[in-house]
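Asker: Compute the structure for the input listed below.
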Amino acid sequence: MHWPRALVVWLLIALAESLHGVLRTLLVTPVLGDLAARQLGVLIGSGLIFAISVATVRWMGARTLRQQLGIGTAWAALMLAFEIGLGIALGLDAARLTADYDPGRGGYMAFGMAFLVAAPALAARARQVRSRGHGLRRAAWLAAGFAVLVAAAWVVLAFQRDLRAAEARISGISRIAVTACGPIEYVSVGDGPTLLAVHGAGGGFDQVLGALQPLTGAGLRVIAMSRFGYLGTPLPVDASAAAQADAHACLLDALGIDRAAVLGASAGAPSALLFAERHPQRATALVLLVPALYVPRQGGEAPVSVPPGTRALFATALRFDFLFWAAPRLARDAVLRGILATPPAVVAAASPAEQARVAQMIRQILPVRPRRQGMLNDAAVLADIGRYDLESITTPTLLISAEDDLFGTCAIARYTAEHLPDARLVSYASGGHLWVGHHDAVLAEIVAFLRSPAIEPEVPGA
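Answerer: Numbers count the residues shown, from 1 in each chain. Model (predicted):
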């Protein structure tokens, strides 16, 4: 065995790992974040070590297992000293230096060091082949397997990063109101006349908060709540649209608000409309945005249309966080049509700002797990939705939709506006279920409607 050669190989490994560290910092860390990039780096670094070991193990003359493990142990000791020395030179403290070696804090370097010890022995076994052709085939399979492993690790770490970001986005900003209808999650932003914002399917307080927060600049107080089965609001035994409407009233009671305007978007429209029907003295105004309500259709078809692929996506992508995270990356158009009910061509032709809003709407469905019960309940409510007593609802109402909404809400909005005593319909020729290309105009319509002299502001205090 030639120790000087083993030292030369270690220097080659150290150089390769240093170059890999620089490239990781420049190319991978900005994408995955520091921790995930370092975790992936251990896997890639192990692959580099193995490749160098396979190429040099015979040159080093390490023929026995004891010699091979001896070289690997020496490499690990040198690498540990190198890592500590470099860390000290860079001004890293002890906590940062040890973090990479602590699996409890996500550090995988201990596993990398163990692989470094075993690398010469593993390389020697890989070289024990009878023919060159066999060796090339084995090398090709090893390279392909390693590439797949690296790609899988990249995907898993990227998913974990995005899921942590999604969970952090909905953590620590909402409150739980203890009401007569049970606990209800909400966020209140802004000052002025109150608008209770009721989200659609796949939402939560974060969905409407992100879309409607600009209204606070127009002197409105937006209360974004989570409906039954979404995020921090549990699903009760009775989670019907009527029970949800009563829960809206319970939330206002808990917040000391006697009267308020209510906005119901998509699957949030049934409970918003029933709030105005069941609590007429408490609703100052009603906004129904792309409403999922009743409309008579030919042949007894369901009021809310179901685009092709929606059921398949609901049964797969909307069951698990990872599948939904992957779906927009693998089949973005299918997600736009099947879940967001918006023609992909409309999004492709939209401005960069509107495309960014659509992308944000997709991201906001993550995490799926704490919304799953609410989505299942919405599916049950909408599957059996009937006609409400529209003629008895005198609350001033604004309805907004787009003709190409794949859920068919424009026909619903038109029918509802025709039968409500005090309603106005705003419809767009295109825009889909997310009113793409018209977001600023929609916000302006809502502000003008809610700030009009005909709308009586709420009276604070019950």
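
Asker: got a list of what Arg282 touches?
Answerer: Residues in contact with Arg282 (C-beta atoms under 8 Å, 6 or more residues apart in numbering) are 249, 252, 258-260, 275. The way it works is simple: take the backbone N, C-alpha and C, and place the C-beta from them, glycine included.

Asker: Which of the helices or strands spans the residue most central in space within the chain?
Answerer: With distances taken as C-alpha atoms, centre = their mean, Leu366 lies nearest the centre of the chain, 2.7 Å away. Here Leu366 sits in a region with no helix or strand, counting by DSSP states H and E.

Asker: and the contacts of Arg282 as JSON lines, adding secondary structure, neighbour count and distance to Trp435?
Answerer: Output for the contacts of Arg282, formatted as JSON lines (DSSP: H, G, I helix; E, B strand; the rest coil; neighbours: other C-beta atoms under 10 Å; distance: C-beta to C-beta, whole Å):
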{"residue": "Ala249", "secondary structure": "helix", "neighbour count": "21", "distance to Trp435": "28"}
{"residue": "Leu252", "secondary structure": "helix", "neighbour count": "24", "distance to Trp435": "27"}
{"residue": "Asp258", "secondary structure": "coil", "neighbour count": "15", "distance to Trp435": "31"}
{"residue": "Arg259", "secondary structure": "coil", "neighbour count": "19", "distance to Trp435": "27"}
{"residue": "Ala260", "secondary structure": "strand", "neighbour count": "25", "distance to Trp435": "23"}
{"residue": "Phe275", "secondary structure": "helix", "neighbour count": "29", "distance to Trp435": "23"}
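
Asker: ok, the residue nearest to the centre of the chain touching Ile170?
Answerer: No - the pair Leu366 / Ile170 is not scored as a contact, 9.5 Å apart, by C-beta atoms under 8 Å.

Asker: Without its sequence neighbours, what residue ends up closest to the residue nearest to the centre of the chain?
Answerer: Ala166 (3.9 Å; C-beta to C-beta, 6 or more residues apart in numbering).

Asker: What about the one you found, how many residues nearby?
Answerer: 19 (other C-beta atoms under 10 Å).

Asker: how about it, what does it touch?
Answerer: 363-364, 366-367 are the contacts of Ala166 under C-beta under 8 Å, 6+ apart.

Asker: Helix, strand, or coil at Trp55?
Answerer: Check again: residue 55 is Ala, not Trp. Of the three states, Ala55 takes helix under DSSP: H, G, I helix; E, B strand; the rest coil.

Asker: Tell me how far it lies from Gly70.
Answerer: 19 Å (C-beta to C-beta, to the nearest Å).

Asker: Show me which of those two is the more surrounded one.
Answerer: In terms of neighbours (other C-beta under 10 Å), Gly70 is the more surrounded of Ala55 and Gly70; the figures are 17 against 13.

Asker: Which strands and helices lie in contact with the helix or strand containing Leu23?
Answerer: Using DSSP H and E, Leu23 maps to helix 3-23. Packing partners of helix 3-23 (3 or more C-beta pairs under 8 Å, 6 or more residues apart in numbering; DSSP states H and E): helix 34-60, helix 65-89.

Asker: same thing but at 10 Å, please
Answerer: helix 34-60, helix 65-89, helix 109-127 (3 or more C-beta pairs under 10 Å, 6 or more residues apart in numbering; DSSP states H and E).
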